[in-house]
Every structure is written in C-alpha cells, then in structure tokens.
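K.L.:
What shape does this take:
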Amino acid sequence: MALTSPSRTWKRTEAFLWSLGVKPDWANAQLCGRYGEWLGRKFLKSKGYHIVVVNWRSSFDRRQEIDIVCRKDGVLVFVEVRARSEKALVRGFNSLGSHKMKSLRRSFMAYLRESGDEPIHHRFDVIEVDLPTDKGNNARLFHHENIAIFG
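P.N.:
Next up, the predicted model:
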C-alpha cells in the first residue's frame with residue numbers, strides 16, 4: 001500500500017505503520033522526508049525534548065517553513081530534518097547551502113514574530129537521517145546541535 005497522501009489521516013496511518021516497523025517506499029522522496037521527520041521527532045522525544053509544533057508555516061508567507069520547533073531546558077530549538085539515502089553523495093548536514101540557511105533564518109524570525117514567543121535562548125539544530133538502501137537495515141540519525149545561523 002503506497003502512502004503518499006499528505007492528509008492528516010494518512011499521516012497518522014503512516015506513523016502507526018512505522019511504529020510497527022513497516023518501512024516506507026524508498027523511491028518516494030516525499031514519503032521518505034515524512035519518515036525522516038517522524039524519526040527525528042521520535043529521537044528528540046527520547047532525548048527529553050518537548051515538541052511545540054511540527055511543520056510550522058508562516059501565515060504571511062507559506063514558503064517560510066520549519067520542520068520541528070521544540071523546547072529543552074528552557075531553550076527554544078528550531079530543527080531542520082535532512083533525510084537522505086545513506087549512499088547519497090552529499091550528507092544531509094552538508095546539503096544546507098547559503099540560500100537554504102537564509103531561508104531558515106527568515107523562517108525562524110517569522111516564527112518568533114508570529115507566535116509571540118519571546119524565549120531568552122534559542123538555537124538551530126539539524127537532524128541528519130541516513131536512510132538505508134536495504135529495507136532490512138535501520139536508519140541512522142545524527143544530531144548536530146547549535147548550528148551558527150543567528151549572526
């Protein structure tokens with residue numbers, strides 16, 4: 001069964017199947033991205049992070065998007081999840097070019113303006129998800145904390 005619909009019901013179904021160990025179709029990039037974000041949320045929760053919002057979009061500019069906003073120890077954390085094949089030529093973290101970093105910075109500032117949240121501290125993290133090329137293997141996650149983005 002191919003789960004490609006972005007509807008809320010299908011997302012719940014996907015998450016349920018993934019929690020049972022069913023792997024997504026690796027050929028579907030959008031589905032792999034959602035799977036990577038699901039793994040990222042699961043990882044953050046296991047490390048004691050409180051998820052505030054997932055897939056936030058600005059109400060003024062829909063291009064401004066943040067994968068995960070969470071909190072830990074009073075720090076507001078903006079998280080970008082980069083899911084890639086483990087055999088990709090460019091690692092997920094290294095795929096963040098200057099254009100994407102500027103876009104993320106604008107998104108973070110828009111979130112702070114629109115949410116009314118005024119944290120004392122905030123930071124930017126990247127979760128890199130290496131998706132296996134063989135369905136029998138598990139994905140590997142790398143958490144890059146406190147990436148310099150707020151100049």
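
K.L.:
Burial check on residue 44, number of neighbours?
P.N.:
When counting by other Cβ atoms under 10 Å, one arrives at 22 neighbours for residue 44. Any C-beta I mention is one placed from the backbone N, CA and C, and that applies to glycine too.

K.L.:
residues contacting it?
P.N.:
51, 68, 70, 79, 127 (Cβ atoms under 8 Å, 6 or more residues apart in numbering).

K.L.:
Mark which of those residues are buried, thanks.
P.N.:
68, 70, 79, 127 (16 or more other Cβ atoms under 10 Å).

K.L.:
Each with direction, which strands does whichever strand or helix holds residue 55 pair with?
P.N.:
Using DSSP states H and E, residue 55 sits within strand 50-57. Sheet pairing here is set by DSSP bridges, and for strand 50-57 it gives strand 65-72 (antiparallel).

K.L.:
if you average pLDDT over the strand it pairs with, what comes out?
P.N.:
Averaging pLDDT along strand 65-72 gives 95.

K.L.:
so how far is it from its chain's centroid?
P.N.:
8 Å (Cα atoms, centre = their mean, to the nearest Å).

K.L.:
Over to stretch 52-62?
P.N.:
With Cα atoms, centre = their mean, you get 13 Å for stretch 52-62.

K.L.:
In contact with residue 92: list those residues for me.
P.N.:
Contacts of residue 92 by Cβ under 8 Å, 6+ apart are 82-84, 126, 128-130, 142.

K.L.:
ok, it to residue 131 distance?
P.N.:
Distance from residue 92 to residue 131, counting by Cβ to Cβ, to the nearest Å: 10 Å.
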